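Visitor: Fold the following for me, if possible:
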Amino acid sequence: MVDTSDEWIRQRTGISERRIAEDDVATSDLCIHAARWAIKNAHIDPLDIEMILVATVTPDRFFPSTACYVQKGIGAKNAAAMDISAACAGFLYGLDLADGLIRSGRYNTILVVGGEIFNKIVDWNDRNTCVLFGDGAGAAVVQATDESKGILASYIGSDGDYADVDLLGIPAGGSRMPKLDKIQMNGREVFKLGVRLMPEAAQRVLRQANVSVEDIDLLIPHQANLRIIEAVGDRLGMPREKVYINVDKYGNTSAATVIIALDEAIREGRAKPGDLLLLVTFGAGLTWGSTLLRL
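Guide: As a prediction, the model looks like this:
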């Protein structure tokens, strides 16, 4: 469809395959599937969930929220539900919010979901973007605990000076301009900002928790492309074997990348109980965030 090749894509991005949702599948469908797995693994009843936070920039509709569809799909009748729009940083925004709400004492159990179907907003004639993005979802149950594990430190940030869609975003489809609803991106500028902001965000939570890079067992960065991942690892001084990478299998699934990677790392035994994990991401807005957690 565009002037590119498999070799060019692999060399420039590290992506060799992706998942594309069927035409009749919506973001909430993927989120519901992920949420059910998280609920099963957490050994809880959906009725225990008090809040549902869905991070997505590809919602089923402008409104109602995708979170409300997820609530219906999993039968979490006792939960409040809302969406978070923070692009690729969305899941860590959700974790930060869940952490604060639980620490406040008002909530005990929160479901955080990151899900995207990017194939419906990609311009398949634009080789700068159409080779990058995939569809997927992941979910986590966040609960209060008296144990010395879970979220140890969290940080999120943004800079609206970079909200220009010429950098990364969809120029229209909302109230400002109702047409041109396909993603655009300045890859060179996004790369430079990403490799600066993610290490800065990571260092910030390390300082919060008084932890050094050497203490980290596994770094799970946003899976934007292989070059960004490698550059972030290098700037943090993380050896390659401690950096988790699965962008080759899924492409950039935006808000879902970090939670999909975390789930796979646990399943593969790369992340084990007691390990100290550093999650870091950035996205359009610009938005960014990092979370330090112990399994």
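Visitor: tell me the strands in the stretch 151-295 of the chain, going along the chain?
Guide: All strands of the stretch 151-295 of the chain, identified by DSSP state E, counting those that start in this stretch, fall at 168-169, 184-185, 218-221, 276-283, 287-294.
Visitor: for these, which one sits closest to Val195?
Guide: Comparing the strands of the stretch 151-295 of the chain by their distance to Val195 (C-beta to C-beta), the top pick is strand 276-283, with 9.3 Å. Where you see a C-beta, it was placed from the backbone N, CA and C, and this is true even at glycine.
Visitor: and the angle from the closest one to strand 287-294?
Guide: 170 degrees (axes from the mean of the first three to the mean of the last three C-alpha atoms, to 10 degrees).
Visitor: coming back round to it: any chance of the strands of the stretch 151-295 of the chain in JSON lines, plus mean neighbour count?
Guide: Below are the strands of the stretch 151-295 of the chain laid out as JSON lines (neighbours: other C-beta atoms under 10 Å):
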{"stretch": "strand 168-169", "mean neighbour count": "22"}
{"stretch": "strand 184-185", "mean neighbour count": "17"}
{"stretch": "strand 218-221", "mean neighbour count": "25"}
{"stretch": "strand 276-283", "mean neighbour count": "27"}
{"stretch": "strand 287-294", "mean neighbour count": "26"}
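Visitor: Of all those strands, which one comes closest to Val141?
Guide: Evaluated over the strands of the stretch 151-295 of the chain, closeness to Val141 peaks at strand 287-294, with 13.4 Å, by C-beta to C-beta.
Visitor: who does the closest one touch, helix- and strand-wise?
Guide: helix 90-103, strand 150-158, helix 187-209, strand 276-283 (3 or more C-beta pairs under 8 Å, 6 or more residues apart in numbering; DSSP states H and E).
Visitor: Comparing those, which comes out most buried?
Guide: strand 276-283 (a mean of 27; mean count of other C-beta atoms under 10 Å).
Visitor: From the chain's centre, how far out is it? Work that out for me.
Guide: Centre-to-centre, strand 276-283 and its host chain are 9 Å apart (C-alpha atoms, centre = their mean, to the nearest Å).
Visitor: would you put the C-alpha positions of it in PDB?
Guide: Presented in PDB, the C-alpha positions along strand 276-283 are these (Å, rounded to 0.1, in the frame of the first residue of the first chain):
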ATOM      1  CA  LEU A 276      11.700  -4.300  41.500                       C
ATOM      2  CA  LEU A 277      10.200  -3.000  38.300                       C
ATOM      3  CA  LEU A 278      10.500   0.400  36.600                       C
ATOM      4  CA  LEU A 279       7.700   1.300  34.200                       C
ATOM      5  CA  VAL A 280       8.100   4.400  32.000                       C
ATOM      6  CA  THR A 281       6.300   5.900  29.100                       C
ATOM      7  CA  PHE A 282       5.500   9.000  27.100                       C
ATOM      8  CA  GLY A 283       2.800  10.100  24.600                       C
END
